[in-house]
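Student: please find the sequence and the predicted model below.
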Amino acid sequence: MRQPPQGLIAWAAAGLALLAMAAARDSHGTLPDHPCAACHEEQVAALRAGPHAAVATTLCSRCHGDPTRHLESAEAADIVGGAQLRGLSARERSAACLTCHSSQWPGWEGSPHATARVGCWDCHTNAAHFADASPLVRRGETACAPCHRPQAQEFRRAWHHPVPEERMSCASCHDVHGRDADGPWPADARCQSCHPEVAGPYVFPHRALEDGCGSCHTPHGSANRSLLTTAGNGLCLTCHVQSNFPGIGKVPHTFKLSGGGRCVDCHSEVHGSNVDELLAPRFRHLETIR
Amino acid sequence: MTRVLAATALVLATAAAAQPSGTFTLFAVGRSSSGDTGRSDDQEAFRSGFAASVNATTTDVEVAASWAPTNEGWLELRSRGSSRWKFAVTYDRSRRYSDTSSAPERLPSGTPVAQLFPFTNTTLPAFGGVEPVRTRQRAQARLAYLLSDGVVELAVSGLDLSGEQVPEVGGMAFADNGMPAFFPAALAATDSRESQVRVSLRGGWLGLGWTGSVARGHRQVKSALRLPTYGYDQLLDVSRYAERHDADTTMATLAVTLTRPTFAAAGGAAYARVTSQPGFVGGVEGAPASDRLERATVEHTARAVGASLQAQPFGGVSLRLAGRLGDREQHASGEETLPGGAVALGRAENSDLWRVEGEASYKGREFGARLVATHQREEVSRDLLRGAFRQTTDSILTRDTARAELRQRFGRNFTVRAWALRTDRSDRVDLQELYRGYALLDRDVSYREVGATVTGTAGPLPFTLLLSGGSGTTFLEPPAYDPIYDPSWTLTTARARTRSRTVVAHMSSSGSDTFEAWGELGWREQEWRFPETETFPGYRNTDETVRGLTSAVGVSWAPAAQWRWQLSGWLDAPSKTVDHRVLRAETTVTRKLSSRLSANARVLYRRFSEALYGLDDYAVTAAMLGISGRF
């Protein structure tokens, strides 16, 4: 007997489960008791759906102040409203968040963002009362783009880290809450966490690595493959050019480079080699076929 | 995929009993692609099929999962609620395609590949069809305990990168000269695995903020480069050069901060150690290895301590002073066995570094200023050995940077921010010993940049205008090498220059729930001149220039309560040394069906065309139709 396709069954089960949950929610959907829910149902619902659900009952007063008079009078003047909150400084607004989150980010005070008067809300600006506490991503831009325009522009180049595709975020590399915006480790350690294949350590590393991956790569985006700074051999010549170029060291490279050959055709192990100090193990192949 | 979907359904069904809330999306995806056969990420970003994502939360747990027809997706399970124990388990799987289309019909010099000897620069004759897709799988489990004033966390993570195959093209155009040493297309394959256990601590105790972590990890990388050798019209053999890294890593950090209303101090220390047993095997496939690295070890140890003091002595003024001390030791040794005998390999490097940074700033409501300056000095001794080759150097490397920023507000509508940046780098190398080798010597690099942004509102429209320009110069003393190839060569200082200029205008609507739009238009130019001095006659210069247009747009419009239309996209079009167009456009229409359910239609278009060498020219279109909702 022919077996029904398992993928179809799984898809159907997933769809049915979702629809059942949506239907169940619609059938018994009023919110349980919350002092603010009677008038502010949407905000309270969002709060309960988000990461602050556990403290939803008491969270409102952290920003909006003591609600006692407002609950009696229902007058807007008796509560700290949105307009008043928006008029506060970044540090004043962040104070409410830091009453709980300061131990999570002990390096926040004095960090570059805090020093530049960036507050929690400037990035975690979800209008629906933190239904999603992650930084806002909308209209094809990250939360960082409004302040970091040159970097946002670099992500539109042909080769870029997949931030626009939302496969990673600025915070994947940058410690946005910390005292050191670039994190506690050297720049190349951050790169190696996703690119272990170039971490070595090599017997003969390329000395350019001493200044980090940024010696040759532009991290946000580039008009060149592999996020390289330049398209051609100029990248290598930044350190290796000499006055009788295309002589490099003792070897006249004229013959090799004049036809459009690239340095990496021979010196292919650009990050390092375990056996060849000139990073050119394939040069041995050339010796073989000569 | 079936297993993931079934697991998702099971989790959802279980969660349904707990009356969860959350969001979901279900989409049918259709994709078409045209153009060349290169397999870059863009072309393979979409596949026809079904995509789904779900996020369900109960009072105690949050489950999120996503899956796409490209066989990519993620699964997350996180604890919620008021328990002091928190856990999170995450898994994600993604795929990345290497670009195979760097095998042009012509070399950059214009030489047709068909005129080359041997006859091909594609991978087909030696390796057949190549599916150059790398699969990245990452998993992490975190368990945290909330203390009264902090968090202690245990994290176990793993990363697996497998299947990468990168065709490497030998573009050496010897055919014009009749040289027989053209490199045909090779194939590089890499597989990597990494695992790590980390314990970290954050919190406030004794009036101080503490952050610390200790991590142990293991990394294994296997890479192989396969190089074909062709005769006049047939494949003769394939050589294979394989490298291996087996590395154990240890890292530890500790940072302490003291924060007062007008004063902050921080101190920290970091330690990292990597020990590895690297390997190398080379030779013709099917024959005994002719090149082998044995008994090799590499050890790296790095230590650093640092401190900073920050004070706000009076209104708006802030002062900061920071310093760092560090050292690094690296030792490598091994023995390479070649047909002619064994060769000893060795490397010993030691470096001591110190760095000091000062910052003074004033921030007022109308005016602000900031000055940051750093000085770094590193002393490096290096000793390299490979058989007869020997190089011993002592170096002093200094880096100086200074950045000044000004901010002035004009009236209620305009703010001007200007900055100037200066960096200077100096390498002073004392060559102790050189035998059969090549050593870089002194170098001086300087770079200057100025820029300004004007932000404000033109009528009701907020705008930003960015202007920046920079230029740099590099002076390189002639390298040392032994033996001298041609005694008639008299080398002088070589000079290279770089220059960059950027103009970007960004304008947006004032923003509302019903309509929001922004647009950006920019121009950039970058130049590299290598070298400025004379080169040998007839040599094609390596100067590079990239200039061109960049633009982006975003619109969000709700013409009626139930409808929302969004559009976003960008165009990047650099020319000269590189010459290509990148166009992306995406539009989404959302129709609210009920308070909890929406129908969505999404169309994406991506076009890439590279004009200069005709390497890539493709378009990919994806359409998605589905529902999203809350429950």
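Tutor: Great, that's in hand.
Student: please make it C-alpha for all contacts and neighbour counts, starting now.
Tutor: Will do.
Student: any regions of the chain where pLDDT drops low?
Tutor: Let's take chain A. By pLDDT under 70, the weakly predicted segments of chain A are A:1-33, A:49-50, A:54, A:125-141, A:179-187, A:255-256, A:258-260, A:282-290.
Student: that's the wrong chain, I wanted chain B
Tutor: Counting by pLDDT under 70, chain B shows low-confidence ranges at B:1-20, B:37-40, B:99-121, B:169-184, B:232, B:485, B:511, B:532-541, B:612-615.
Student: next up, the contacts around B:Gly129.
Tutor: Neighbour list for B:Gly129: B:Thr123 [criterion: CA atoms under 8 Å, 6 or more residues apart in numbering or on different chains].
Student: for the closest residue to chain B within the stretch 51-200 of chain A, grab the count of nearby residues.
Tutor: Per CA to the nearest CA, A:Ser103 is where the stretch 51-200 of chain A lies closest to chain B, at 4.4 Å. Residues within reach of A:Ser103, counting by other CA atoms under 10 Å in any protein chain shown, total 24.
Student: let me see the backbone angles for it.
Tutor: Main-chain torsions, A:Ser103, degrees, to the nearest 10: phi -70, psi -20.
Student: was I right about it contacting B:Thr211?
Tutor: No - using CA atoms under 8 Å, A:Ser103 is not in contact with B:Thr211, being 9.4 Å away.
Student: list residues touching both of the two?
Tutor: Common neighbours of A:Ser103 and B:Thr211, using CA under 8 Å, 6+ apart, are B:Arg202, B:Gly203.
Student: which SSE is the residue most central in space within chain B in?
Tutor: Chain B has B:Arg96 as the residue nearest its centroid, 13.9 Å off, counting by CA atoms, centre = their mean. Element membership of B:Arg96 [criterion: DSSP states H and E] is strand B:85-97.
Student: which residues touch that strand?
Tutor: B:39-41, B:44, B:70-80, B:132-146.
Student: quick one on the thing from earlier: what's the closest non-adjacent residue to the residue of the stretch 51-200 of chain A closest to chain B?
Tutor: With sequence-adjacent residues excluded and distances taken as CA to CA, 6 or more residues apart in numbering or on different chains, A:Ser103 is closest to B:Gly203, at 4.4 Å.
Student: from A:Leu257, how far out is that neighbour?
Tutor: B:Gly203 sits 58 Å away from A:Leu257, going by CA to CA, to the nearest Å.
Student: repeat for B:Ala296
Tutor: To A:Leu257, B:Ala296 is 34 Å away according to CA to CA.
Student: quick one: classify A:Leu237 as helix, strand or coil.
Tutor: helix (DSSP: H, G, I helix; E, B strand; the rest coil).
Student: now do the contacts for the residue lying closest to it once chain neighbours are set aside.
Tutor: Spatially, and ignoring its direct neighbours in sequence, A:Leu237 is nearest to B:Phe530 (6.8 Å; CA to CA, 6+ apart). Listed by CA under 8 Å, 6+ apart, the contact partners of B:Phe530 are A:Gly234, A:Leu237, A:Thr238, A:Val241, B:Arg495, B:Ala496, B:Arg497, B:Asn541, B:Thr542, B:Asp543.
Student: please redo it, this time with the cut-off set to 6 Å
Tutor: By CA atoms under 6 Å, 6 or more residues apart in numbering or on different chains, the residues touching B:Phe530 are B:Ala496, B:Thr542, B:Asp543.
Student: excluding chain neighbours, what is closest to residue 162?
Tutor: Because you didn't say which chain, this covers chain A. The shortest distance from A:Pro162 to any non-neighbouring residue, by CA to CA, 6+ apart, is to A:Met168 (6.0 Å).
Student: I was after chain B.
Tutor: Nearest in space to B:Ser162, with sequence neighbours left out and distances taken as CA to CA, 6+ apart, is B:Asp191 at 4.6 Å.
Student: contacting residues for the one you found?
Tutor: Counting by CA under 6 Å, 6+ apart, B:Asp191 makes contact with B:Leu161, B:Ser162, B:Val221, B:Lys222.
Student: what's opposite it in the beta bridge?
Tutor: Beta-bridge pairing for B:Asp191 (DSSP bridges): B:Lys222.
Student: any idea how far it lies from B:Gln137?
Tutor: According to CA to CA, B:Asp191 stands 12 Å off from B:Gln137.
Student: with A:Ala231 instead?
Tutor: In this structure, A:Ala231 and B:Gln137 are 31 Å apart, going by CA to CA.
Student: need the contacts of B:Asp191 in TSV with neighbour count and distance to A:Gly272, can you?
Tutor: Formatted as TSV, those follow (neighbours: other CA atoms under 10 Å in any protein chain shown; distance: CA to CA, whole Å):
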residue	neighbour count	distance to A:Gly272
B:Leu161	23	20
B:Ser162	19	21
B:Val221	22	13
B:Lys222	19	14
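Student: and which of the residues you listed is nearest to A:Leu71?
Tutor: B:Leu161 (57.2 Å; CA to CA).
Student: okay, now the residue nearest to the closest one when sequence neighbours are not counted: neighbour count?
Tutor: Excluding its sequence neighbours, the residue lying closest to B:Leu161 (CA to CA, 6+ apart) is B:Arg136, at 4.6 Å. A count of nearby residues for B:Arg136, using other CA under 10 Å, gives 20.
Student: quick one: contacts for the residue in the stretch 201-350 of chain B positioned nearest to chain A?
Tutor: Taking CA to the nearest CA, chain A has its nearest neighbour within the stretch 201-350 of chain B at B:Gly203, 4.4 Å off. For B:Gly203, the contacting residues are A:Ser103, B:Asp149, B:Gly150, B:Gly209, B:Trp210, by CA under 6 Å, 6+ apart.
Student: regarding chain B, what is its longest strand?
Tutor: strand B:235-260 (DSSP state E).
Student: elements contacting it?
Tutor: Under the contact criterion of 3 or more CA pairs under 6 Å, 6 or more residues apart in numbering or on different chains; DSSP states H and E, strand B:235-260 touches strand B:208-230, strand B:263-276, strand B:279-284.
Student: kindly recompute the last result at 8 Å.
Tutor: If you count contacts as 3 or more CA pairs under 8 Å, 6 or more residues apart in numbering or on different chains; DSSP states H and E, strand B:235-260 packs onto helix B:124-127, strand B:208-230, strand B:263-276, strand B:279-284.
Student: want to throw these into CSV with distance to B:Ser568?
Tutor: Formatted as CSV, these follow (distance: least, CA to CA, whole Å):
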stretch, distance to B:Ser568
helix B:124-127, 39
strand B:208-230, 40
strand B:263-276, 43
strand B:279-284, 49
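Student: out of those, the one nearest B:Asp352 is which?
Tutor: strand B:263-276 (14.3 Å).
Student: give me the number of residues near B:Glu527?
Tutor: Per other CA under 10 Å, the neighbour tally for B:Glu527 reads 18.
Student: please disregard the earlier target; I meant B:Arg80.
Tutor: 22.
Student: isn't it up against B:Val61?
Tutor: Yes - if you go by CA under 8 Å, B:Arg80 and B:Val61 touch, sitting 5.0 Å apart.
Student: name the nearest residue to residue 158, sequence neighbours excluded.
Tutor: Here I'm looking at chain A. Spatial nearest neighbour of A:Ala158, excluding adjacent residues (CA to CA, 6+ apart): A:Ala223 at 5.5 Å.
Student: that's the wrong chain, I wanted chain B
Tutor: Using CA to CA, 6+ apart and skipping residues adjacent in sequence, the residue nearest B:Gly158 is B:Ser195, 4.3 Å away.
Student: for A:Thr115, same thing?
Tutor: A:Glu109 (7.6 Å).
Student: next: B:Glu610.
Tutor: Nearest to B:Glu610 is B:His580, by CA to CA, 6+ apart, at 4.1 Å.
Student: for that neighbour, phi and psi?
Tutor: Here is the backbone geometry of B:His580 (degrees, to the nearest 10): phi -150, psi 170.
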